[in-house]
Every structure is written in C-alpha cells, then in structure tokens.
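1. Sequence plus predicted model, see below.
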Amino acid sequence: MTTYEQGARTLELPWPFTGREGELELVRRPSPAGRQGVVVTGPAGVGKTRLITEAVRGTDCTRVTGTPETSALPFAAFAHLLPDRVSLPGAVRRLNGVRLLVVDDAHLLDEASAALVHQLAVHGRTRLLVAAADPAPVRDAVSRLWTGELLTHVVLEPLPYDETAQLLAGSGLEPLTVRRLHRVCRGDLRLLRELLGALRESGPLTPVPDTGELAWRGPLPLTATVRERIRPLLERRGPGERDTLERLAFAEPLPSHLDEGLDLTILEHLETDGLVEVDERGAIRLAHPLYGPALRAAAGRLRARRLARTAGPGGPALKAEQHRLEERIEQLDVREVPAPVGEWPASGDRPVPAGYAAVRARYSWLRGELREAAAWAREGLRGAPGDASCRTELARAAAESGEAAVVRGDGGLAHYGAVRLGEPERVAGRPAGVLGRHADALARGDGPGLDRAAVALAERGLLLFAAEAHAQAVRAHREPRAARTSRARAVALARRCQGARTPALSGLFLGELTARQRQIVTLAATGLSNRQIAEQLTLSVRTVGNHLYSAYTRLGATDRADLPYLLEQPDAQSA
C-alpha cells in the first residue's frame with residue numbers, strides 16, 4: 001500500500017523525538033484482540049502527531065487529516081482516497097485493503113469522515129492510529145472510539161520539565177531560560193517552538209558571562225499563538241474585568257491579605273470562567289502561566305509603568321515566596337512548587353535580591369538541579385557581586401558537578417555529608433528523620449534498607465541524595481539482581497540531576513566491566529555509532545553490539561542515553 005499524505009505535514013520534523021518511551025511502546029504494540037488500533041488524545045501542541053509519526057516511521061501507511069475549513073464537506077478528509085460519490089458502506093469496502101491508517105486531527109473531521117473512521121474501527125480489518133485534541137468538541141463517532149473502547153486509549157500529558165530540558169539541551173540556553181520557557185508553554189511544544197524562533201529572531205537572548213550560554217531577558221514575544229491564547233482575557237467586556245486581569249498580571253500571585261483593592265464579585269466571575277484561580281493559601285493568580293507574561297507584554301510601556309507602580313506588591317510577594325521556600329528547606333521537603341515571583345527580575349533587567357537568589361539556589365541544589373542552582377547563584381551575584389551566600393551556593397553546585405572539591409560541611413546537613421561520602425564512621429551524631437534512615441542503613445551495609453531510604457528521599461524531592469543511596473545499595477546488595485535494580489534506579493535519578501558527579505556516583509559502575517567493554521562503553525557515551533566504534537577498534541559491528549548489550553545488562557542501562565551518567569569523565573554529556 002502506498003503512503004499518501006495530505007497537506008503540508010512531513011515525517012521529518014525539526015526537533016528530535018524526546019521522551020514518551022512508554023507511550024511510544026503502547027502505540028507501536030499490536031492491539032489486543034477486539035481492538036483495531038490506538039487513539040491518542042491530549043491538549044493541543046503536546047505532540048500527538050509527532051508521537052504517531054515516530055511510531056509509524058519506516059512503515060507503509062495511509063494518512064488523512066481533519067481540517068476546520070472542510071468540516072462541512074462529506075468525506076473531505078478522505079477525498080484523495082475515495083471517488084466523488086460514494087456511500088458509507090462503499091467507503092468502508094474501498095478502505096478495507098488499507099493495512100494501517102493514520103487519522104490526524106480527528107476532532108476536525110467532517111461528519112461523514114468521522115462515521116467512516118468509526119465503522120472501520122467496528123467492522124474493518126484496518127489498523128487505526130488516531131490523534132484527537134482533548135478537551136475539544138468532537139463528533140460522537142470520534143469520541144466513541146475511546147469511550148466505547150473500540151481502540152486502545154492513550155492520554156498524552158504535556159511534556160514534563162525534564163524532557164523539555166533534554167529537548168533544548170543543544171540550544172545553548174541557560175537553565176532559568178529553559179525553565180521560563182517550559183513554564184509559560186506548560187508542555188505545549190508547538191508554542192515552545194514558536195517562542196524559541198521569535199526569541200532568536202528578535203534578539204533578546206543575551207550571553208551569560210563565563211558560561212557560554214544565552215539568557216532570555218525581556219518581555220514575552222507576542223506571537224500569533226500567544227495572542228490567540230490570551231484572546232479570552234482581552235475580550236472581557238464586564239465592568240472592571242479587563243482592569244482586574246491586568247492588575248493581577250502585575251501582582252500575581254497576590255497574597256490574600258493584599259487583595260483589598262480588587263472587587264470580589266469580579267474575581268468570582270473570572271474564577272468561574274477559568275481565568276483566575278486561588279491556591280490553598282488564598283493567594284490569587286491568573287489561571288495559566290502564560291497569561292501574566294502575555295498581558296504584561298501587551299500592556300504598553302506607559303500602562304505597564306503605571307500598573308507596576310499601583311498594583312504590583314513585588315516586595316511582599318517576593319518575601320512571602322522566599323519564606324515559603326525556606327520553610328520547605330527546613331522541613332527537607334523540596335518537591336516542586338510554583339515559585340514564579342522570583343522569575344520576574346530574573347527575566348528582566350532588575351537583579352534578583354541576593355538573599356532570595358541564595359534560597360532558590362539552595363532549593364535547586366537539594367532537588368539535584370545543579371545547573372539551576374548555579375544559575376540562581378549567578379543571578380544573585382549579578383546584583384551583589386560580593387554576596388557570600390550566593391558564592392557558597394555557586395561553589396557547592398560546582399563541587400557536586402565534579403568541577404571542584406566536594407563541599408563537606410553544610411550547617412544542618414554537616415553530619416549527612418559524611419554519609420554521602422560513604423563514611424558513616426565519621427558521623428559523630430546521626431541525622432534525624434529520612435537522613436538518619438539513610439545513615440543507619442549505610443552503617444549496617446543494608447542494601448534493601450538503602451533502597452528504602454532512597455525511595456523516601458525521592459518522595460521528598462531530594463533526588464541527588466536518593467540517587468546516591470541507590471548507588472550505595474549496589475555495593476551493599478549480595479544478590480546480583482537486586483544490585484542491578486538499584487543501579488538502574490540510581491542511573492534514572494542521576495539523569496535528572498543535571499550532570500552530578502559526586503563520590504557516591506563516580507566510578508561506581510565501570511569497574512564491573514571487562515577492559516574491552518569499558519573501552520566500547522566510553523566511546524559509545526561520546527555519541528559514536530556501533531559502526532564508527534567498530535572502525536576505530538578494528539572490530540565487527542556485531543562484536544561491538546554484543547559488548548554493548550553485555551555492558552547494558554551489567555550496568556542496568558537501557559540505551560546510550562544512560563551511559564554518560566556511568567562514566568567518570570567530567571566532559572561526558574548530560575541530559
């Protein structure tokens with residue numbers, strides 16, 4: 001069967017396919033008995049089309065696409081496959097010979113095309129891969145593909161931050177800019193691509209001294225998609241509604257004790273319509289992270305100056321956010337929380353207050369986000385070059401990345417530093433809580449106990465400490481299978497720690513390989529293909545593949561992406 005395509009879409013897209021391994025496997029896997037394929041749903045821009053494109057790459061398929069312009073024309077999506085006049089039964093018969101049919105933008109299908117897809121799912125022999133936006137109005141014939149369990153249903157969530165950062169790893173952007181882009185896009189890859197293109201064209205990307213990276217300074221580009229997304233806000237016509245939205249844009253999140261100047265009735269209407277939300281502490285914010293930056297960018301300079309002066313309690317909001325982060329650090333609970341206020345000065349020309357920047361750096365370090373910790377410390381030093389707390393945090397991030405000597409002492413975590421170094425005998429007094437459980441398990445050489453401590457650490461967001469505990473468990477386990485499991489978990493967590501090179505992680509894995517395996521693994525980690533390695537070492541491609549397979553088994557790795565996190569070289573690539 002020939003592959004037909006409709007419209008301007010192509011199989012070759014500008015960014016590499018990143019993440020989504022589980023969803024990709026579900027789409028590629030043969031459908032269970034009684035189901036004719038897979039339907040992928042999710043918000044616009046999250047990569048439904050790209051997921052299916054990757055799943056069918058190299059296979060023979062037929063493709064149709066729904067469009068809003070043809071939604072009233074019968075069988076419009078199938079016009080390139082069917083004669084001018086055809087009945088529904090005739091269309092089903094004609095398409096029964098198609099082995100694989102890709103249906104993109106199924107929520108935009110005309111009624112006859114939607115009915116045809118439904119009948120193929122019920123009676124046909126064709127395997128269907130269907131993409132539909134959700135939430136979005138869809139025809140009943142399309143929604144019954146998953147509500148009626150005719151097809152396997154895969155819900156595609158927005159791309160998480162870790163995978164967005166991996167996608168942008170070669171862009172040269174500094175970590176806070178990557179975080180800012182992910183936050184305003186909330187996993188919408190279409191918007192991300194558009195904003196990145198606008199930033200490169202308009203020139204607000206500026207070099208960060210001593211890093212070779214670029215930072216986004218300045219307002220949000222008002223692209224066509226951004227304007228479309230904020231149209232519901234700009235079209236509010238109720239008395240005082242537009243003004244309230246703009247005041248919130250220059251003050252969010254507005255603490256509950258600072259909302260006296262806003263009309264409660266207006267806020268209730270905006271909340272009912274999904275434009276405003278209130279968090280568990282009573283703070284008021286706009287419902288989407290894109291809204292505030294977009295409204296601020298659209299306000300104009302004079303209006304923005306007035307609103308910033310009259311509506312923006314930036315100082316109190318920044319202090320409240322800093323206090324909340326300090327509380328979480330004290331509780332050793334550093335799971336990800338929204339903290340947008342500090343991103344305002346970091347994204348503009350104003351320096352971030354050094355005290356706030358040091359707290360954000362410490363929070364990021366505890367989460368294992370080492371590059372972000374260093375970036376926050378540099379932000380504080382931008383306005384206060386001599387600040388001791390920011391210099392300490394910058395040195396700590398460098399040490400954990402293998403760029404300097406390890407920082408052993410750390411106030412309340414001083415005892416725990418010896419545990420992380422694998423030296424429990426040096427601990428004069430056991431740390432409390434989950435840190436103490438880690439220390440006790442290490443002192444006993446208790447592999448399962450170290451794994452349990454690692455799980456507890458990860459639940460609190462302490463990802464680097466959790467990776468180290470799993471890595472220590474590898475040495476403590478007496479059963480090889482348990483050791484491989486711990487190693488795989490350590491690698492998975494280390495991949496999220498932005499190039500961590502601590503004593504517990506360094507040099508742990510390669511000692512178990514043969515000399516030839518270490519040689520091949522080291523070359524593979526630099527990005528060389530099996531054929532390139534074979535040519536360099538004068539081996540057959542099959543021999544290289546066999547050595548790599550054996551190394552993956554011993555290391556608990558799944559593919560080349562894991563290898564840089566198992567090597568001691570400081571120049572190994574990081575995600």
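-> Cool, got the structure. Numbers count the residues shown, from 1 in each chain.
2. ok, now which ones touch A121?
-> Q36, G37, L128, L145, L150, L151 (Cβ atoms under 8 Å, 6 or more residues apart in numbering). The way it works is simple: take the backbone N, C-alpha and C, and place the C-beta from them, glycine included.
3. ok but it is inside a helix, no?
-> Yes. Assessed by DSSP: H, G, I helix; E, B strand; the rest coil, A121 belongs to a helix.
4. Show the pLDDT at it.
-> Looking at A121, its pLDDT stands at 93.
5. Leaving out sequence neighbours, find the closest residue to it.
-> Spatial nearest neighbour of A121, excluding adjacent residues (Cβ to Cβ, 6 or more residues apart in numbering): L150 at 4.3 Å.
6. Hmm, A141 and that neighbour touching each other?
-> No. In this structure, L150 is not within contact of A141 by Cβ atoms under 8 Å, at 10.3 Å.
7. Name only those of the contacts of A121 that count as buried.
-> Q36, G37, L128, L145, L150, L151 (16 or more other Cβ atoms under 10 Å).
8. so how far is E69 from the first one?
-> When distances are taken as Cβ to Cβ, to the nearest Å, Q36 and E69 turn out to be 28 Å apart.
9. Check the fifth one too.
-> Taken as Cβ to Cβ, the spacing of L150 relative to E69 amounts to 28 Å.
10. How about N530?
-> For N530, the distance to E69 equals 47 Å [Cβ to Cβ].
11. same question, G97
-> In terms of Cβ to Cβ, G97 sits 29 Å off from E69.
12. so where is the stretch 51-200 of the chain shaky, pLDDT-wise?
-> For the stretch 51-200 of the chain, no stretch has pLDDT under 70.
13. Tell me where it has strands.
-> With DSSP state E, counting those that start in this stretch, the ranges of strands along the stretch 51-200 of the chain come out as 62-65, 100-104, 127-133, 152-155.
14. Now tabulate these in a markdown table and tack on distance to E425.
-> Written out in a markdown table, the entries for the strands of the stretch 51-200 of the chain read as follows (distance: least, Cβ to Cβ, whole Å):
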| stretch | distance to E425 |
| --- | --- |
| strand 62-65 | 65 |
| strand 100-104 | 61 |
| strand 127-133 | 58 |
| strand 152-155 | 50 |
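15. what's the closest of those strands to P289?
-> strand 127-133 (20.1 Å; Cβ to Cβ).
16. Could you pull out the buried residues of the closest one?
-> Here strand 127-133 shows R127, L128, L129, V130, A131, A132, A133 as buried, counting by 16+ other Cβ under 10 Å.
17. What of stretch 194-203?
-> The neighbour-count check on stretch 194-203 (16+ other Cβ under 10 Å) flags E194, L195, L196, A198, L199 as buried.
18. Outline the domain layout of this structure.
-> Per the record, the chain has its domains at 21-155, 161-218, 226-312, 316-400, 409-506, 509-575, by automatic domain parsing.
19. For W15, find the nearest of those.
-> Proximity to W15 (Cβ to Cβ) singles out domain 161-218 among the domains of the chain, at 6.1 Å.
20. The closest one: how far from the chain's middle?
-> Remark: domain 161-218 is offset 13 Å from the chain centroid, using Cα atoms, centre = their mean, to the nearest Å.
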